[in-house]
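*Asks:* below are the sequence and a predicted model for it; my questions follow.
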Amino acid sequence: MSSLELLEDPKIRRSVEISNLVKEYPNPYGEDFRVVEDFNLNIQEGEFISLIGHSGCGKSTVLTMLAGLNEISDGGIIVGNKEIDGPGPDRSVVFQAPCLMPWMNAFQNVMLGVKNVYPHATKAERKQIVEHSLSVVGLGDAMKKYPKEMSGGMQQRVGIARAIALQPKVLLLDEPFGRLDSLTRMELQDVIIDILAREKMTAMIVTHDVDEAVFMADRCVMMSNGPKAGVGEILEIDFPRPRNREEIFNDPKFFQYREHLLAFLEQRAPIKSGTRTFANGDYMGFVNKEGKELELAAQEQATLVAGSAVA
Amino acid sequence: MAESSKDKIKYGLLKFIDVSGFKVFDPPVRLIFGEDPQKQIRDIAKFMVLPMVFVLLCIFTWNFLAPTHKTKSGAVPTPAKVWDAYKDNRRFDERENEKEEAFALTGEEREAEIAAVKAELVELEKKSTELQKLSDEATKVGQAKIDNAIAPIKTQYDELNAKFREERKERKAELNSLAEKIAEKQATTDELITAVKADRTATDQEKTLLKDLKTKMDDIRSDPPEEIKAAQLAANKVADEVQHYKKRLDYLTSGNRELKVVKLEEKIAADQSELVAAADPKAILKEAKSVVSNEEKIVKTAEQDYPRTATIFWQTRRSIATVFVGFFIAAIVAIPLGIMCGLNRIIMACLTPIISIFRPVSPVVWLLIFQIIVGAFFPDPETHWLFKTLNNDTILWGLLPNPIAFLQTNPAMIFSACTVAMCALWPALVNTALGVSAIDKDHMNVARVLKLGFWSRLFKIVIPSSLPLVFAGLRISLGVGWMVLIAAEALSSSDGLGKFVWDEYQNGSSQSFANIILACFIVGIIGFFLDRIMIILQRLVSFDDGSATA
């Protein structure tokens, strides 16, 4: 474990400052369409932020900009004490789809990044890092398995292991459980909470799920609707850590937080129930009152289709 | 435990069947392992028995229809004739082997072989004369039969011919008299014209009748009774065998390599003694020259190989070798280029015009171009180092026998391979480019987050994820290459199956047509196996079991 401890250098700063972040896309008429505008957020070291909002409001855009995968149009993001410029292993991402390389087994998938991030580590040390991160996500026995031999939940575990093996300053979770059934989702939520309790990482999760947002985060950032979305409201979640699912779900405070979030979302629902309107300029269709049920159903369908394709 | 190991074998077999693409054999394997026998038997009936019946039906149709179509090279050969052609080709190949062996035999082994061949030859000749006698007798009997069959027709023909001649004469006289009557105004011209018309139809009818009879006789003559054919065939077969043994004996004695050398050595010795004895300066010079030229001849003879006649099997091997050479050239060029195209849109834009213009060019044009270009590289192929090395009897400084010496590589093989490469290039190139550019965006995002460098991105992500499509392209390439090669060989007379077909077409012996159809089957079967090999490779490299590309 010595190599792992070495990597957890206390001097490393893991805070995130997002200031006046803007994302513009040119539309076909030559005008710039601002998806996100003046997004400001400071995240403290080791803090867990959940980002919630209606679909299409730009949550994922903010996260991918923080990851460096999406260009920043204006404003800036400072991680630690350095402004970010492009993607990097200090901000590792768990994607919605597990995005594993199908020609590599679990071990090799995790090793892929480790080789680059620890160029000076010996082979044995690297192996130890990979094995450690896989066993943290509960895949100690399935290291030699290929993605096609694993369930969706197991694949996402490998995705998480790959992200944490890099010992990132910030762990970014982009709707990581969106494609999983609710039981697996709960398991993986616990896995993430356990990891974050042990390893000192700052984390941000983008989610549709109000329960998830409340249960996992220290602060819930509610985004206003796009275009020109920004931080609408921030809700402090005052639960002690480590968190126990049962206790929290029985806590009356949990329901208050939940109601608060739902009220925020409902108030800003882009489409009132059952009516057909244009929303956000880029989204058109039928959505029910909460604006999420249909999308979840669609995701489940997608998972089903993907599942049958694998079979 | 026994049960599970049995299952292991079963699923191993099924997996192998699946990977190799012989899904048809799935039900019988399951049946052997006793899985739901009723369903398997149903499947076997549907997917094995019925197709087999259909193929048999096709063969029967072929067998039935072939003899009905007469061509310049005889009737279209039936399946049985093609099979005979195969057996004859086999025998021809074996005989070439025997002669080659005889040519190189030395010392006591040769003596033993000579004795054996001679003994065999005596037997064979005895048998041959017997059979010849039988054949002659059969022919005599058969001829009598034919004559008998023809005789009545002949008399009928002669009678009719005589009768018709008379009738024609009469009609002529009548017409003449009619014409005279018209001149004397005793008849109308219309009458004469009707009479001339009647005469012509009568003459035509007579001619047809006679012609029919003649054809009948010809048919009888040209189709001798089966016993004659059989007797002649048997006699010919043994006579053929006798010929072969005589040839073998030839190669064991006067035509033998070792004996040729010995003879030359004797000659040199004689020349040398004459050289010593000679007094006349002219004679001295002549003897000296003779010694030197004989010494040169010894070296050449000692290195000489048996001048094999190309058999269909050798041509097949040569074609396979050529197609693989061409295919590898294509792969070596196409895959890196395709990867570059897929990675970089500028390179793609640069290559697109070239690909678009040269891809549709016919293989025939490439063949001619390469024939000229390659020819220029080897003005004197006999002495060129490349062919000397490739055709040398040994490799690695004489350590091992050269496994490709038998191919007799020459410029023709090179330009055929280049033509194959040129035509096989495009599918591999386009598919590789497609495979590389169609990489899952998520995978590229992962690579960006992990900050993988160019090379590890290339080898860990780009190439593995494009491999299924690359191999799909290579599979098409190999198929195209094989088709192009046969045509190229036929056109350029470069050794190979194509040349075999062309030669058979040109020489037009009784078996040529059957040989061409035989070659057609060989080309097809080899093409099928090449495709299978590529399918297996494709499945092995496909992380998704090839289901996405198959």
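*Replies:* Okay, I see it.

*Asks:* residues of stretch B:399-406 that come out buried?
*Replies:* Judged by neighbour count (16 or more other C-beta atoms under 10 Å in any protein chain shown), stretch B:399-406 contains these buried residues: B:Asn402. Just so you know, the C-beta spots here come from the backbone N, C-alpha and C atoms, and that holds for glycine as well.

*Asks:* for stretch B:355-370, that is, sorry about that
*Replies:* Neighbour counts over stretch B:355-370 (16+ other C-beta under 10 Å) mark B:Ile355, B:Pro363, B:Trp366, B:Leu367, B:Leu368, B:Phe370 as buried.

*Asks:* and it, end to end?
*Replies:* 18 Å (C-alpha to C-alpha, to the nearest Å).

*Asks:* any idea of the mean pLDDT for that stretch?
*Replies:* Confidence over stretch B:355-370 (mean pLDDT, whole number) is 94.

*Asks:* quick one, helices of chain A?
*Replies:* Along chain A, the stretches classed as helices by DSSP state H are A:2-7, A:59-67, A:106-117, A:123-136, A:152-165, A:182-198, A:210-216, A:245-250, A:252-267, A:293-310.

*Asks:* the stretch 451-550 of chain B too?
*Replies:* Under the criterion DSSP state H, counting those that start in this stretch, the stretch 451-550 of chain B contains helices at B:454-456, B:463-492, B:497-507, B:512-541.

*Asks:* tell me how far the shortest one lies from the chain's centre.
*Replies:* Per C-alpha atoms, centre = their mean, to the nearest Å, the displacement of helix B:454-456 from the mean C-alpha position of its chain is 47 Å.

*Asks:* list of residues touching that helix?
*Replies:* A:Lys115, A:Asn116 (C-beta atoms under 8 Å, 6 or more residues apart in numbering or on different chains).

*Asks:* in that helix, which residues are buried?
*Replies:* In helix B:454-456, counting by 16+ other C-beta under 10 Å, buried: B:Ser456.

*Asks:* where along chain B do the strands fall?
*Replies:* B:70-71, B:74-75, B:394-395, B:400-401 (DSSP state E).

*Asks:* run me through the strand neighbours of the third one, direction for each.
*Replies:* With DSSP bridges as the criterion, the sheet partners recorded for strand B:394-395 are strand B:400-401 (antiparallel).

*Asks:* could you list the residues in contact with the partner strand?
*Replies:* Looking at what lies outside strand B:400-401 - C-beta under 8 Å, 6+ apart - the contacts are B:Asp393, B:Thr394, B:Ile395.

*Asks:* state the pLDDT value of the last one.
*Replies:* Each residue has a pLDDT score; the one for B:Ile395 is 80.

*Asks:* which residues are in contact with the spatially closest residue to it that is not a sequence neighbour?
*Replies:* Distances taken as C-beta to C-beta, 6 or more residues apart in numbering or on different chains put B:Asn402 closest to B:Ile395, at 4.7 Å, once the chain neighbours are dropped. Contacts of B:Asn402 were listed using C-beta under 8 Å, 6+ apart, and they are B:Leu390, B:Asn391, B:Asn392, B:Asp393, B:Thr394, B:Ile395.

*Asks:* what's the answer for A:Arg185, then?
*Replies:* Per C-beta under 8 Å, 6+ apart, neighbours of A:Arg185: A:Phe177, A:Asp209, A:Glu212.

*Asks:* of these - the most surrounded one?
*Replies:* Highest neighbour count within the contacts of A:Arg185, by other C-beta atoms under 10 Å in any protein chain shown: A:Phe177, with 25 neighbours.

*Asks:* quick check: that one vs B:Lys140, distance?
*Replies:* Remark: distance between A:Phe177 and B:Lys140 (C-beta to C-beta, to the nearest Å) = 99 Å.

*Asks:* what of A:Arg241?
*Replies:* Note on A:Arg241: its distance to B:Lys140, by C-beta to C-beta, is 116 Å.

*Asks:* could you do B:Lys211 as well?
*Replies:* Between B:Lys211 and B:Lys140 the computed distance is 30 Å (C-beta to C-beta).

*Asks:* A:Phe264 too?
*Replies:* For A:Phe264, the distance to B:Lys140 - C-beta to C-beta - is 116 Å.

*Asks:* so for the two, which residue has more residues nearby?
*Replies:* Here A:Phe264 and B:Lys140 are compared on neighbour count by other C-beta under 10 Å; more neighbours surround A:Phe264, at 19 against 11.

*Asks:* the closest residue to that one other than its chain neighbours pairs with what?
*Replies:* Sequence neighbours aside, A:Met222 is the residue nearest to A:Phe264 in space, at 4.9 Å (criterion: C-beta to C-beta, 6+ apart). For A:Met222, the residues forming beta bridges with it (DSSP bridges) are A:Ile52, A:Glu233.

*Asks:* my read: A:Met222 touches A:Cys57, true?
*Replies:* No. Contact status for A:Met222 versus A:Cys57: not in contact, 9.6 Å apart, counting by C-beta atoms under 8 Å.

*Asks:* contact residues of the stretch 201-311 of chain A facing chain B?
*Replies:* Within reach of chain B by C-beta under 8 Å from any C-beta of the partner chain, the stretch 201-311 of chain A has no residues at all.

*Asks:* ok, back up a step: how near is the residue nearest to A:Phe264 to A:Ile52?
*Replies:* With C-beta to C-beta as the criterion, A:Met222 and A:Ile52 are 6 Å apart.

*Asks:* what do these two both touch?
*Replies:* Common contacts of A:Met222 and A:Ile52, defined by C-beta under 8 Å, 6+ apart, comprise A:Leu261, A:Leu265.

*Asks:* quick one, which of these two is more surrounded?
*Replies:* A:Ile52 (25 against 22).

*Asks:* and the pLDDT at the more buried one?
*Replies:* 90.

*Asks:* who's in contact with the closest residue to chain B within the stretch 151-300 of chain A?
*Replies:* Going by C-beta to the nearest C-beta, chain B is nearest to A:Leu166 of the stretch 151-300 of chain A, at 7.4 Å. Counting by C-beta under 8 Å, 6+ apart, A:Leu166 touches A:Pro89, A:Asp90, A:Ser92, A:Gly113, A:Val114, A:Val117, B:Leu450.
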